[in-house]
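Trainee: Starting from these lines, generate the structure:
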Amino acid sequence: MSKRGAGLRSDGARNREKVLQAAAFILRAMGSEATLEAIAKRAGVTRTTIYRNFESRSDLCTAVVDREFALVHEDLRSPDWLPLRTLMKRLVDLVDLCATLNQDFPPLEGACERTCRSEDLLPLITESLAIAKRAGEVRNDLTEQDVLLACRMIASGWRIDAAPDRDAALAERLALIMLGLTSH
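Mentor: Numbering: from 1, shown residues only. Next comes the predicted model:
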């Protein structure tokens with residue numbers, strides 16, 4: 001293969017990643033109001049680039065959820081320990097994204113349910129929870145199910161309150177929940 005061909009493939013992969021990052025941000029911020037134009041603008045690509053990578057809006061949304069789940073897995077496989085609070089924030093973001101897509105794009109419900117199933121998320125929590133328990137950061141009776149339930153409560157709570165700033169609302173709720181999980 002020529003160098004030029006290899007460069008085109010890497011450009012395509014970079015563009016796809018830029019679209020997925022932008023789509024995750026825009027979908028979280030705008031929900032059903034998200035447009036391909038807004039995603040393309042944030043990614044610095046054209047709508048044609050989006051269509052070149054994704055056959056439909058549903059395909060794009062499904063790819064965003066799959067990417068977010070894969071990123072959590074990647075963080076957990078890294079040699080650096082992922083503190084429970086950081087893991088919870090990542091899970092809250094994933095569950096919140098799934099809730100947004102389920103609410104605003106009903107055809108995606110199956111894809112989001114597949115990604116946010118308890119049996120897939122609970123194993124992600126085990127090691128960080130065990131380390132947090134050994135460090136005395138959380139109660140010893142805390143289970144993976146408790147942590148996942150807390151993440152789901154955080155992700156849904158800010159919508160119920162119609163909080164204007166998603167990130168601030170999620171951070172506030174996570175801080176409050178973490179107080180309840182501590183051994184003090």
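Trainee: Would you map the helices across this structure?
Mentor: Here the chain has its helices, by DSSP state H, at 3-30, 36-43, 47-53, 57-77, 84-104, 109-115, 118-134, 144-160, 166-181.
Trainee: Kindly reformat these as a markdown table containing mean neighbour count.
Mentor: Where you see a C-beta, it was placed from the backbone N, CA and C, and this is true even at glycine. Output for those, formatted as a markdown table (neighbours: other CB atoms under 10 Å):
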| stretch | mean neighbour count |
| --- | --- |
| helix 3-30 | 15 |
| helix 36-43 | 18 |
| helix 47-53 | 15 |
| helix 57-77 | 17 |
| helix 84-104 | 20 |
| helix 109-115 | 16 |
| helix 118-134 | 16 |
| helix 144-160 | 18 |
| helix 166-181 | 15 |
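Trainee: ranking the ones you listed by mean pLDDT, which is last?
Mentor: Here the lowest mean pLDDT among the helices of the chain goes to helix 109-115, at a mean of 59.
Trainee: Phi first, then psi, for T35.
Mentor: Backbone torsions of T35, given as degrees, to the nearest 10, read phi -120, psi 160.
Trainee: give me the number of residues near it?
Mentor: Using other CB atoms under 10 Å, T35 is surrounded by 12 other residues.
Trainee: And the pLDDT at it?
Mentor: 88.
Trainee: Okay, domains of the protein per the record?
Mentor: 1-54, 61-184 (automatic domain parsing).
Trainee: Just give the closest residue to the residue most central in space within the chain, not the sequence neighbours.
Mentor: What sits nearest the mean C-alpha location of the chain, by CA atoms, centre = their mean, is L94, with 2.8 Å. Nearest residue to L94, sequence neighbours excluded (CB to CB, 6 or more residues apart in numbering): E68, at 5.1 Å.
Trainee: list the contacts for that neighbour?
Mentor: Applying CB atoms under 8 Å, 6 or more residues apart in numbering, we find E68 in contact with A24, D93, L94, L97, T115.
Trainee: and which of those is nearest L129?
Mentor: Distances from L129 to the contacts of E68, taken as CB to CB, are shortest for L94 (16.8 Å).
Trainee: distance of the closest one from D11?
Mentor: Look at L94 and D11: by CB to CB, to the nearest Å, they are 28 Å apart.
Trainee: Ok, L179 next?
Mentor: Applying CB to CB to L179 and D11 gives a distance of 47 Å.
Trainee: Then R77?
Mentor: 27 Å.
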